[in-house]
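Asker: Generate coordinates for the sequence data below:
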Amino acid sequence: MPKCSTKICASRLKPNAMPLNKKTTRTVTIGSTQVHTHGLPRAHMQDVYHYAMVLSWPWFMAVCAGAFMALNTVFAGLYMLSDQAIANQSPAGFLGAFFFSVETLATVGYGDMHPATLYAHVVATVEIFLGMTSIALITGVMFARFSRPRARIMFANNPVVSTMDGHKTLMIRIANARQNMIVDASAKLRLLRDERTPEGMRFRRIFDLKLRRDDQPMFILGWSLMHDIDDESPLKNVHLGSSEASNSTLILSISGVDETTSQTMQSRFSYNCAKILWGHRYVDVLYTDAQGQSHMDYTLIHDTVAEK
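Answerer: So this is what the prediction gives:
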């Protein structure tokens with residue numbers, strides 16, 4: 001096939017194709033791999049609720065405070081456009097108009113300052129409508145943020161591979177940091193790996209890794225998840241320093257029902273297979289003292305030792 005010039009090739013593009021815009025570039029983390037996405041249409045206003053839910057509490061309160069100040073500043077400027085719009089305005093000037101806007105937006109209505117002209121009444125009507133709508137929306141979002149369940153599950157920094165019951169076993173240790181009752185907890189471990197087909201096509205495949213036990217009726221303290229690396233395991237060709245290890249990611253998902261709130265809780269963690277410690281085991285976190293009392297030391301959850 002003859003080569004085409006740049007102009008001819010460009011003319012074959014779809015008519016609605018848009019040039020790459022760096023401002024629409026986003027970074028998505030899948031396991032341990034970062035993927036940069038391009039060409040998505042901007043839809044910031046459609047994702048306001050999503051942004052409000054994922055913001056941290058300090059940022060969420062800062063955004064609400066900023067919006068509150070900005071809205072009152074705008075309406076204070078509108079009141080200043082008309083002479084004598086506010087009766088008994090105190091202090092005079094922009095600051096008095098700003099305080100009157102705050103009282104109107106919050107529907108406080110102390111009674112000292114009030115609209116004195118038709119123009120001011122119209123502006124106050126619009127402001128009260130926006131104020132009531134904003135309060136309802138912020139109240140709903142704050143309730144959704146407070147009511148959303150958050151699991152406090154600790155994941156060991158590194159998976160380990162050791163011999164358990166005569167089998168080479170992959171182990172990942174987790175712990176319930178809240179120490180509440182998580183009923184019917186379940187775990188799913190998957191392997192995410194880039195592979196090439198015999199035809200040369202690149203695919204990202206997901207393999208389910210069978211766990212010795214994938215459910216826990218009462219998850220309160222700790223849980224060691226185990227996967228036997230046998231001939232049927234997708235990890236059979238993965239070893240220390242191999243290309244499969246650096247190109248593979250373990251994704252562990254935990255879900256269960258919080259006994260206190262009766263809500264489903266979920267947590268997820270991912271490991272690059274290069275972080276697997278081969279020939280290591282976890283240090284015991286549960287021990288019994290001289291008085292026969294059982295103890296669990298959460299500071300040891302990440303500690304490992306080499307097998308003898």
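
Asker: show me what contacts the nearest residue in space to residue 279 that is not next to it in sequence?
Answerer: Distances taken as Cβ to Cβ, 6 or more residues apart in numbering put residue 307 closest to residue 279, at 5.1 Å, once the chain neighbours are dropped. Quick note: C-beta positions are derived from backbone N, CA and C, even for glycine. By Cβ atoms under 8 Å, 6 or more residues apart in numbering, the contact set of residue 307 is 162, 163, 279, 280, 281.

Asker: Angles on the backbone of residue 268, please.
Answerer: phi -140, psi 150 (degrees, to the nearest 10).

Asker: residues in contact with it?
Answerer: 251, 252, 253, 254.

Asker: Can you tell me how far the last one is from residue 173?
Answerer: Spelled out, it's residue 254. 12 Å (Cβ to Cβ, to the nearest Å).

Asker: Measure how buried the closest residue to residue 150 other than its chain neighbours is and give me the count.
Answerer: Leaving out its chain neighbours, the residue that sits closest to residue 150 by Cβ to Cβ, 6+ apart is residue 265, at 7.5 Å. Applying other Cβ atoms under 10 Å, we find 21 residues neighbouring residue 265.

Asker: beta partners for residue 265?
Answerer: Residue 265 has these beta-bridge partners by DSSP bridges: residue 256.

Asker: ok, and what's touching stretch 217-236?
Answerer: The contact list for stretch 217-236 (Cβ under 8 Å, 6+ apart) reads 161, 164, 167-176, 179-185, 187, 189, 191, 193, 207, 209-214, 216, 252, 256, 273, 282, 285-286, 296, 301.

Asker: Do me a favour and average the pLDDT over it.
Answerer: The average pLDDT for stretch 217-236 rounds to 91.

Asker: Surely residue 119 is within a strand?
Answerer: No: counting by DSSP: H, G, I helix; E, B strand; the rest coil, residue 119 falls outside a strand, being helix.

Asker: right, and it touches residue 83 too?
Answerer: No: assessed by Cβ atoms under 8 Å, residue 119 is found out of contact with residue 83, at 9.8 Å.

Asker: Which residue of the two possesses the greater neighbour count?
Answerer: More crowded of residue 119 and residue 83, by other Cβ under 10 Å: residue 119, with 15 against 8.

Asker: where does the nearest residue to the more buried one once chain neighbours are set aside land in three-state SS?
Answerer: Nearest residue to residue 119, sequence neighbours excluded (Cβ to Cβ, 6+ apart): residue 82, at 4.7 Å. Following three-state DSSP, residue 82 is assigned to coil.

Asker: if I pick residue 82, what's in contact with it?
Answerer: 117, 119, 120.

Asker: The last one touches residue 80, doesn't it?
Answerer: No: here residue 120 lies out of contact with residue 80, judged by Cβ under 8 Å, at a distance of 10.7 Å.

Asker: Tell me where the chain is predicted with low confidence.
Answerer: In the predicted model, the chain carries pLDDT under 70 at residues 1-24, 28-33, 38-46, 240-246.

Asker: Quick test: name the residue nearest the centre of it.
Answerer: residue 54 (6.1 Å; Cα atoms, centre = their mean).

Asker: List the contacts of residue 203.
Answerer: Residue 203 neighbours (Cβ under 8 Å, 6+ apart): 194, 195, 196, 197.

Asker: nearest spatial neighbour of the last one, skipping sequence neighbours?
Answerer: To tie it back to what came earlier, the one meant is residue 197. Residue 197 sits nearest to residue 203 (Cβ to Cβ, 6+ apart), 6.4 Å away.

Asker: Using just helix, strand and coil, how would you label the one you found?
Answerer: strand.

Asker: Okay, it and residue 115: tell me how far apart.
Answerer: Following Cβ to Cβ, the distance that separates residue 203 from residue 115 is 67 Å.

Asker: swap in residue 27?
Answerer: Residue 27 sits 50 Å away from residue 115 when distances are taken as Cβ to Cβ.

Asker: Give me the more crowded residue out of the two.
Answerer: Neighbours were counted for residue 27 and for residue 115 using other Cβ under 10 Å; residue 115 has more, 19 against 8.

Asker: Write down the beta-bridge partners of the more buried one, one by one.
Answerer: As for beta bridges, residue 115 partners with residue 86 under DSSP bridges.

Asker: can you pick the most crowded of the contacts of residue 307?
Answerer: Of all those, the most densely surrounded is residue 162 (20 neighbours; neighbours counted as other Cβ under 10 Å).
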